[in-house]
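Undergrad: what's the 3D shape of this:
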Amino acid sequence: MNHLYSLKKYFLKYKSKLLFGVVFIFLSSVGYVYIPVAIKDAINELQTTMSYSTILSYALLIVGSSLISGIFRFYIRQTIIVVSREIEYDLRRDFWEHIQKLPLKYFQNTSTGNIMAHATNDINAVRMFIGPAVMYSIDTLIRFIMVIAIMASISLEVTLYSLLPLPILSILVYKVGKKIHERFTAIQEKFSELTTKAQENFSGIRVIKSYLREDFEIEAFTQLSKEYLHKNMRLVKIQALFQPILFLITGISVIIVVWMGGLKVISGELLLGDITAIIIYLGMLTWPMIAFGWVINIIQQAEASMKRLSIILSERFEIEDSKETNYAIKDLYGDIEFRNVTFSYGKHLKPVLKGINLKIPRGTTLAIMGGTGSGKSTLINLIPRLYDLSDGELLIDGHPVKSIPLSALRKNIGLVQQESFLFSDTIENNLAYGLHSFNESAVKNASRIARFDIDVRDFPSGYKTILGERGITLSGGQKQRASLARALVIDPKILILDDSFSAVDTHTEEEILINLREFMKNRTSIIISHRVSTVKDADKIIYIENGKIIEEGTHYELLALNGKYAEVHYKQMLEKELMELN
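TA: Numbers count the residues shown, from 1 in each chain. From the prediction side, this is the model:
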């Protein structure tokens, strides 16, 4: 119950509705438990007085009590069950908000399927605790107290004997509850694996089909499904055993009442109506006993799910505004400086960047080259604080990057990453994603600069064309140009292009770069590329190797240096000449 205690703030938010729900439970139970009293009195009176009016009055009394109980039962669901749905909404919203604010590092170490399982199965299991479990717990407790009190008022001795099997029930519930908790936790973990497998298959369906791995994936998914089924069956078996035992225990209580009550009726200590009422009340206790077991199941499952949710909700945001944030900073101009910056993706992992010292004056263009895994993308990801540096300083306009509000920092940076991601939405909505209000002229202008407008004209609905998941209906080059247009639309002060022309042909790339020259005036631009033709006009070019800047200068300065950059340049020139000859 420790993890379920964290739901306290949600219960407090809806305390008025929940309080009304408790009142309705009490009133419904009063009407319900009065019915056997009316039956008792009717039977006892009918033994001495037989009349139509007597039967009719007691019948109306029973119908009236049932009606009152039913009406308030309806209002119980309109309060407590409705509150459970509202808390489910609040919990899912808080979970989603928390997930959105977690750093990239978290998503690199956690599968998408696992997060999806938390957002579906786990939150639903918690809702079952908030609604049905809470409702039936209170209902069972109130009804149990009322029934026992009335039974004791009829015959204390018979009541005490009928309750003798109940301690056995308590022990059973405790033992079985622990097993349910363990087995449900195992089910949820296996469901996460199953969801992850499904998500990966749907995302990678092109690869699966290209390598003819459909049968392999079907077999792998079938195996996971069998394991999930097996774990569910282990839980079902223990639940299937639980309810019959509950019926058995309550059945023993009924036998005790019939035996002892019958003897007392024969001896004249009790009337026939009295023993009838006690038997009916025992029948009424059967459902609370079953509900008690069912509620224990729900609570154990909810505790397991809330524990899993709590692990995510306790994850630190790491990258967020803090005490050192200066909220007076609203806009950026683009002066960037790295001072002895070191970065590692983990405390025990070797640094990806080592002692980077670099100045990028506002309004200038910096180009970055280097081999695969040299640290190029990591370097530029530090600027919008997708990661925080491990050591050193990163300044923008003279302000430490951590002192700049995240909202001000990121709204002034247009980042086009290596892997283009587009949403399953219209082209115009994808391009205008970074805008708070749609601006058609900005979208079309950005599309023109990125040379994406030519492609849009060929689409059936133009900018209204809906793209498939992850932009699957576009080619690699089209996706890159769409991503570039999306970055340009927000009119950023700092533009970062991370190898964003790799899928674009050289002719189109040249046209885009010509368009970008005008756009990049008075803006700080950073271009990562493997092509010398892309970077040669930059104000400064740096070459990174093993996380260090080993060369820097202009295109001609680096050629004169005759180092790594020059080697790449001559190799690409040779490749170009060979292609022209062919």
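Undergrad: CA atoms of stretch 48-63 as PDB?
TA: Extracted C-alpha coordinates of stretch 48-63, given in PDB (Å, rounded to 0.1, in the frame of the first residue of the first chain):
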ATOM      1  CA  THR A  48     -50.200 -15.600  14.500                       C
ATOM      2  CA  THR A  49     -52.100 -13.300  12.100                       C
ATOM      3  CA  MET A  50     -53.000 -14.200   8.500                       C
ATOM      4  CA  SER A  51     -54.400 -11.200   6.600                       C
ATOM      5  CA  TYR A  52     -54.100  -9.700   3.100                       C
ATOM      6  CA  SER A  53     -53.400  -6.200   4.500                       C
ATOM      7  CA  THR A  54     -50.500  -7.600   6.600                       C
ATOM      8  CA  ILE A  55     -48.900  -9.300   3.600                       C
ATOM      9  CA  LEU A  56     -49.400  -6.200   1.400                       C
ATOM     10  CA  SER A  57     -47.900  -3.800   4.000                       C
ATOM     11  CA  TYR A  58     -44.800  -5.900   4.400                       C
ATOM     12  CA  ALA A  59     -44.500  -6.400   0.600                       C
ATOM     13  CA  LEU A  60     -44.700  -2.600   0.100                       C
ATOM     14  CA  LEU A  61     -42.100  -2.100   2.800                       C
ATOM     15  CA  ILE A  62     -39.700  -4.600   1.200                       C
ATOM     16  CA  VAL A  63     -40.200  -3.000  -2.300                       C
END
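Undergrad: buried ones in it, by neighbour count?
TA: 58, 61-62 (16 or more other CB atoms under 10 Å). Backbone N, C-alpha and C define where each C-beta goes, glycine included.
Undergrad: which SS class is Asn445?
TA: helix (DSSP: H, G, I helix; E, B strand; the rest coil).
Undergrad: and the pLDDT at it?
TA: At Asn445, the predicted lDDT confidence score is 91.
Undergrad: could you check how many residues crowd around Val489?
TA: 23 (other CB atoms under 10 Å).
Undergrad: pretty sure it contacts Leu435?
TA: Yes: when contacts are counted by CB atoms under 8 Å, Val489 is listed as touching Leu435 (6.2 Å).
Undergrad: common neighbours of these two, please.
TA: Residues touching both Val489 and Leu435 (CB atoms under 8 Å, 6 or more residues apart in numbering): Ala442.
Undergrad: quick check: Asn381 touching Tyr387?
TA: Yes: under the criterion of CB under 8 Å, Asn381 makes contact with Tyr387 at 5.5 Å.
Undergrad: identify the contacts common to these two.
TA: With CB under 8 Å, 6+ apart, Asn381 and Tyr387 have common neighbours Leu104.
Undergrad: per-residue confidence averaged over the helix or strand containing Glu86?
TA: Element membership for Glu86, per DSSP states H and E: helix 82-101. Across helix 82-101, pLDDT averages out at 90.
Undergrad: go on, stretch 251-268?
TA: 83.
Undergrad: now the strands for the stretch 151-300 of the chain?
TA: Using DSSP state E, counting those that start in this stretch, the stretch 151-300 of the chain contains no strands.
Undergrad: chain center to the helix holding Glu86, what's the gap?
TA: Relative to the centre of its chain, helix 82-101 is centred 9 Å away, using CA atoms, centre = their mean, to the nearest Å.
Undergrad: over to stretch 98-111?
TA: With CA atoms, centre = their mean, you get 11 Å for stretch 98-111.
Undergrad: if you count neighbours, what's buried in it?
TA: Quick answer for stretch 98-111 (16+ other CB under 10 Å): 99, 102-103, 106, 110-111.
Undergrad: and of these, the nearest to Asp41?
TA: Using CB to CB, Ile99 is the member of those that lies nearest Asp41, at 60.3 Å.
Undergrad: please, which helix or strand holds the closest residue to the closest one other than its chain neighbours?
TA: Spatial nearest neighbour of Ile99, chain neighbours left out: Ile115 (6.6 Å); criterion: CB to CB, 6 or more residues apart in numbering. Using DSSP H and E, Ile115 falls within helix 112-117.
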